[in-house]
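Participant: generate a structure from the sequence data that follows.
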Amino acid sequence: MKNFLVTETERIEILKRHRSLLKEQYQAPTEKELIEAGLMAGCFGSIGQSKNPIEAAAFLQGKGGQSRKSGKYIFEKPSKSKPGLMIRYLPDATYFFYNPKTQETSKIYSLPNGCPAITNYKVQVKPDAKTERDLQFYKDQGFKTPEELAALKQYPGPKELENPALWDKEQVGNIFVYKKKGTVSGQTSDPNNQIRQQYAQQLEADGYDIDPTDTEKGGLSSIRFYDAYPNAPRGIFPDNQLIWYKLSSNTSPDIIKQRQADESMERSACKDSIESFYDEFIITKGTQITDRGKISRMRTQAQRCKNKYEGKWGLGGGKFDEMLKVLSGRKSGGPSSSGDDAIFRLQ
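Facilitator: Have a look, this model is predicted:
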């Protein structure tokens with residue numbers, strides 16, 4: 001067996017490189033990086049199809065910058081629940097309300113569903129022996145860190161990465177690793193299967209048949225799936241996939257499209273109603289309620305939206321279900337069932 005000897009000079013150089021690598025790997029992010037990560041993950045509100053922080057800020061009618069008072073980097077946007085006030089988001093996943101006329105500020109609140117994109121952003125510690133062992137176990141199953149995904153050009157962006165419908169996530173110590181749904185032993189089987197099943201159920205509910213027999217096709221008309229559902233994610237069905245329907249007033253593609261558009265607008269309005277009602281509860285918590293009529297009207301609307309859309313918000317709608325859990329008493333921190341704040345409690 002050969003003995004490989006390392007000189008003292010070479011040993012010192014190797015140690016320097018190792019220390020430099022560790023410093024780079026665990027370097028703390030800047031406040032601006034944290035704010036932009038939260039912004040792009042939708043933690044401060046839906047950003048539509050925005051591809052970068054500038055587009056996302058414009059979509060929310062907000063802006064990022066350094067606070068003159070605290071020196072912290074923040075993101076600011078107009079408040080929907082409190083007209084005339086601004087919401088200022090901080091790089092630790094908290095926020096407060098700010099009155100630009102009086103310069104008064106509210107107390108600081110935590111984001112209702114947290115913001116993993118901020119709290120997990122480049123947060124890693126040097127692993128001990130057990131952590132390294134556990135980490136290697138998950139990596140053998142195909143899990144990778146965000147940095148490893150980026151190096152392989154497989155990083156999908158923070159919003160998709162935190163979507164449990166598309167990615168499996170495991171935590172080892174303070175290290176998070178991810179694996180795309182359907183990936184087994186490094187090979188992808190079908191990550192779109194769950195989404196495809198959801199759309200198959202929707203097709204049936206809308207009166208479509210995706211695989212009729214040749215005899216049944218004689219009395220049906222057809223349309224391409226993506227023509228009938230233009231907002232569906234690409235890849236769940238082939239581009240030329242046909243779906244079949246009876247030519248009637250209830251199942252024609254135009255009627256279905258209009259129904260989908262109307263439902264999408266109503267769902268979006270309900271998201272605003274739930275968020276406004278939740279914000280009202282948070283900022284009123286612990287204070288005397290003065291406008292009970294306004295809160296009662298907001299509760300009626302929020303209850304209607306809860307009854308119709310709870311669990312059906314679509315991708316990225318988990319935070320609204322979390323708000324509803326708080327408001328209905330299924331999660332700590334919500335309104336009481338008999339106290340003065342019971343006016344905020346949903347059924």
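
Participant: against Glu275, how distant is the nearest residue in space to Gly157 that is not next to it in sequence?
Facilitator: Leaving aside its sequence neighbours, Gly157 sits nearest to Met40 (CB to CB, 6 or more residues apart in numbering; 7.1 Å). C-beta coordinates here come from the backbone N, C-alpha and C atoms, glycine included. Applying CB to CB, to the nearest Å, the value for Met40 to Glu275 is 19 Å.

Participant: repeat for Asp206
Facilitator: In terms of CB to CB, Asp206 sits 28 Å off from Glu275.

Participant: what's the neighbour count on the residue nearest to Gly157?
Facilitator: Residues lying near Met40 (other CB atoms under 10 Å) number 20.

Participant: same check on Ile283?
Facilitator: Ile283, neighbours per other CB under 10 Å, totals 18.

Participant: any low-confidence regions in the stretch 1-150 of the chain?
Facilitator: Scanning the stretch 1-150 of the chain for pLDDT under 70 picks out 1-27, 122-128.

Participant: ok, 80 please
Facilitator: Along the stretch 1-150 of the chain, the parts satisfying pLDDT under 80 run over 1-29, 113, 120-134, 150.

Participant: all helices for it, in order.
Facilitator: Using DSSP state H, counting those that start in this stretch, the helices of the stretch 1-150 of the chain run over residues 8-25, 31-40, 53-59, 116-119, 129-140, 146-151.

Participant: any idea how far the closest residue to Arg292 other than its chain neighbours is from Ile274?
Facilitator: In space, and not counting its chain neighbours, Arg292 is closest to Ile343: 6.2 Å by CB to CB, 6+ apart. Applying CB to CB, the value for Ile343 to Ile274 is 16 Å.

Participant: in terms of neighbours, single out the busier of the two.
Facilitator: A count of neighbours by other CB under 10 Å puts Ile274 above the other of Ile343 and Ile274, at 26 against 15.

Participant: ok, now which ones touch the more buried one?
Facilitator: Residues counted as contacts of Ile274 (CB atoms under 8 Å, 6 or more residues apart in numbering) are Ala302, Cys305, Lys306, Phe320, Met323, Leu324.

Participant: redo that, cut-off 10 Å
Facilitator: 298, 301-302, 305-306, 309-310, 313, 317, 319-321, 323-324, 327, 346 (CB atoms under 10 Å, 6 or more residues apart in numbering).
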